[in-house]
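J.: from the sequence below, what's the structure:
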Amino acid sequence: MKENKLQDSASLRDFFRSTTVFRHLSEAELNGLPLHSVPDTYKRGAVIYQEGSRISGFYVVFQGVIKIYKTGNDGKDQIIRFAKPGDIMGFRSTITGELACTSTRAIEPAQIVFVPGEQVTRLVKTNGDFAMDLLQIACSELREANDYITDIAQKTVRERLAEVLLQLKRTFDWDAEQYLKINLTREELANIVGTTTESVIRLLSEFKQQGLVNIQGRRIQILKAEKLRLLADINY
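T.: The predicted structure is shown next:
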């Protein structure tokens, strides 16, 4: 048991050093992180933290995929983005001291490491590379938010769905059978696009009939990425 725990600790240290925003830390700084503990485990559907809650540190995704979303006045969720292994959650609220502006929920079994806020604050003040990485993440999220606002205002639901499928491919890639490495319900897809579940079901059926995608249950295979790019009016 002790040997396994030591192996897990070494694996977690390697993960933090190579994959996360903590990769520029010195050995002494890494030693100050909770890398000796076992990551918290969450089942699919489990909530990590909720909008309006007080967050006292970073959440680092070690395994699994987490959806980050806001809930509207009508009770519907709007998925903002996904966090995958190596990504951090809750950093803005940790730095600013504000209440969480989003909620997070596991969409597949996940393991998450919690890093206390006082350790994060100390690193921001003493490690310029760490602080710069956080700034770049914040700027990237701001750009994504601006792009989403533009899309909602200017693009049709069909165009937004095509763009979302390409974004999912870019974020998660695809498996050996060329299916996206993430399985979402039609409701979850609708929550990303910003439309109804019925509209997503109808449009996916049309995309399949047009030979743009193949669908097996929740699995989606992109067959003609270039045509989807033209439909979505994007350049990447």
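J.: distance check, Leu33 against Ser140.
T.: 23 Å (Cβ to Cβ, to the nearest Å). For every residue, glycine as well, the C-beta is placed using N, CA and C.
J.: same deal with Ile95?
T.: For Ile95, the distance to Ser140 - Cβ to Cβ - is 16 Å.
J.: over to Ile215?
T.: Taking Cβ to Cβ, one finds Ile215 at 30 Å from Ser140.
J.: and for Thr195?
T.: 25 Å.
J.: okay, those two: which has more neighbours?
T.: Using other Cβ atoms under 10 Å as the criterion, Thr195 and Ser140 rank with Thr195 on top: 17 against 11.
J.: the more buried one in helix, strand or coil?
T.: Following DSSP: H, G, I helix; E, B strand; the rest coil, the label given to Thr195 is coil.
J.: show the pLDDT at the closest residue to it other than its chain neighbours.
T.: Among residues not flanking Thr195 along the chain, Val157 sits closest, at 4.7 Å (Cβ to Cβ, 6 or more residues apart in numbering). At Val157 the predicted local confidence, pLDDT, stands at 93.
J.: what's the burial count for Val157?
T.: 16.
J.: distance of it from Leu204?
T.: Counting by Cβ to Cβ, the gap between Val157 and Leu204 amounts to 12 Å.
J.: can you check Ile192 too?
T.: 13 Å.
J.: check Ser26 too.
T.: From Ser26 across to Leu204, the span is 49 Å (Cβ to Cβ).
J.: so which of the two has more stuff around it?
T.: Leu204 (18 against 10).
J.: figure out the helix or strand that that one lives in.
T.: Per DSSP states H and E: Leu204 is located in helix 197-209.
J.: restricting to C-alpha, output that helix in PDB.
T.: The C-alpha atoms that make up helix 197-209 are tabulated as PDB, following Å, rounded to 0.1, in the frame of the first residue of the first chain:
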ATOM      1  CA  THR A 197     -32.200  20.000 -27.700                       C
ATOM      2  CA  GLU A 198     -34.700  19.500 -30.500                       C
ATOM      3  CA  SER A 199     -32.800  21.800 -32.800                       C
ATOM      4  CA  VAL A 200     -29.500  20.000 -32.200                       C
ATOM      5  CA  ILE A 201     -31.200  16.600 -32.900                       C
ATOM      6  CA  ARG A 202     -32.700  17.900 -36.200                       C
ATOM      7  CA  LEU A 203     -29.500  19.600 -37.400                       C
ATOM      8  CA  LEU A 204     -27.300  16.500 -36.600                       C
ATOM      9  CA  SER A 205     -29.700  14.400 -38.600                       C
ATOM     10  CA  GLU A 206     -29.300  16.900 -41.500                       C
ATOM     11  CA  PHE A 207     -25.500  16.900 -41.200                       C
ATOM     12  CA  LYS A 208     -25.600  13.100 -41.300                       C
ATOM     13  CA  GLN A 209     -27.800  13.100 -44.400                       C
END
